[in-house]
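A.B. asks: Just the structure for this:
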Amino acid sequence: MSKRRETPLKNIKLEKGHCSIGVRLNKLGMVPFFQELSESDLEKVNQHFRARHFDRGDVIYREEETASLLRIVVAGKVKLVRHTLEGKDVLIDMLQPGEYFGSLPSIGDEKYMETAIAQTQACVLSVGTDDFRNILNQYPSVAVKALEITAGRLKESQEQIKQLRTRSVENRIAHVLTMLSDKFGEESEVGLLIQVPLSRKELADMVGTTAETASRIISRFQEKDWVSTGRQWIAIKNQEKIRDLSQDKG
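C.D. replies: Now for the predicted structure:
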């Protein structure tokens, strides 16, 4: 019997202190609309946020629920899923520490536009409407940035939906692999490893196809020696080929 290959992915298990003040300030400072604030200002902003731990698979909020909290990933990873009119769940993004998600009426959303799920164990900061309004009143530059970024995200979401309708499945998978490797890629003995658990179904959901189709295309990439794969992981071995295919508009 052949020995089962161990996953090269890191086991993200959060230990005590993973949501310390120092870590919280560091990740708050990475959020685009807080980047111009001084360390002392970030310390004041941090007082408005509350931390919560999630286990892998926990639903943080669901699409169409009333938007009541803006959240920031401090440790671990979070995935965002949207339900389409065709009845499919589309994986629209995976978030790492320093990225924000969720929304509030004060930045234009009455309801959440997606479902957020902990992809690994995660520590998440959250702020409610009243506290965020206090931050906006105290730091007008944050208010301007928040509106600009929210508008930009809406445009990106619309572009993603357009790609699902106009590009081939092979092209869309290459595009997603490029995006994920740029965001989560780590050099390893198996290639540029996307350092996040990624099943065939999740990859299929992200491009709006079936798990069977996604598996066939990944197998094709593997036969060409463009990728290396295993249970819930993918590594890019030929970044140039995958990136070229991702940029192919045909």
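A.B. asks: Run a quick neighbour tally on Gly57.
C.D. replies: Gly57 sits with 10 neighbouring residues when counted by other Cβ atoms under 10 Å. To be clear about C-beta, it is placed using only N, CA and C from the backbone, and glycine gets the same treatment.
A.B. asks: Wait, it touches Ile117, no?
C.D. replies: Yes: Gly57 lies in contact with Ile117 (Cβ atoms under 8 Å); the separation is 6.8 Å.
A.B. asks: how about the helices in the chain?
C.D. replies: Assigned by DSSP state H, the helices in the chain fall at 21-28, 39-46, 129-138, 140-166, 169-184, 200-207, 211-223, 239-247.
A.B. asks: of these, which approaches His53 most closely?
C.D. replies: helix 21-28 (13.2 Å; Cβ to Cβ).
A.B. asks: For Arg133, grab the count of nearby residues.
C.D. replies: Using other Cβ under 10 Å, Arg133 is surrounded by 16 other residues.
A.B. asks: these two touch, right, it and Ser106?
C.D. replies: Yes: contact criterion Cβ under 8 Å: Arg133 and Ser106 qualify, at 5.8 Å.
A.B. asks: one step back: could I get the helices of the chain in CSV, plus columns for mean pLDDT and distance to Ile92?
C.D. replies: Shown next, in CSV, are the helices of the chain (pLDDT from 0 to 100; distance: least, Cβ to Cβ, whole Å):
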stretch, mean pLDDT, distance to Ile92
helix 21-28, 90, 21
helix 39-46, 94, 27
helix 129-138, 90, 23
helix 140-166, 68, 6
helix 169-184, 90, 10
helix 200-207, 85, 7
helix 211-223, 94, 16
helix 239-247, 90, 17
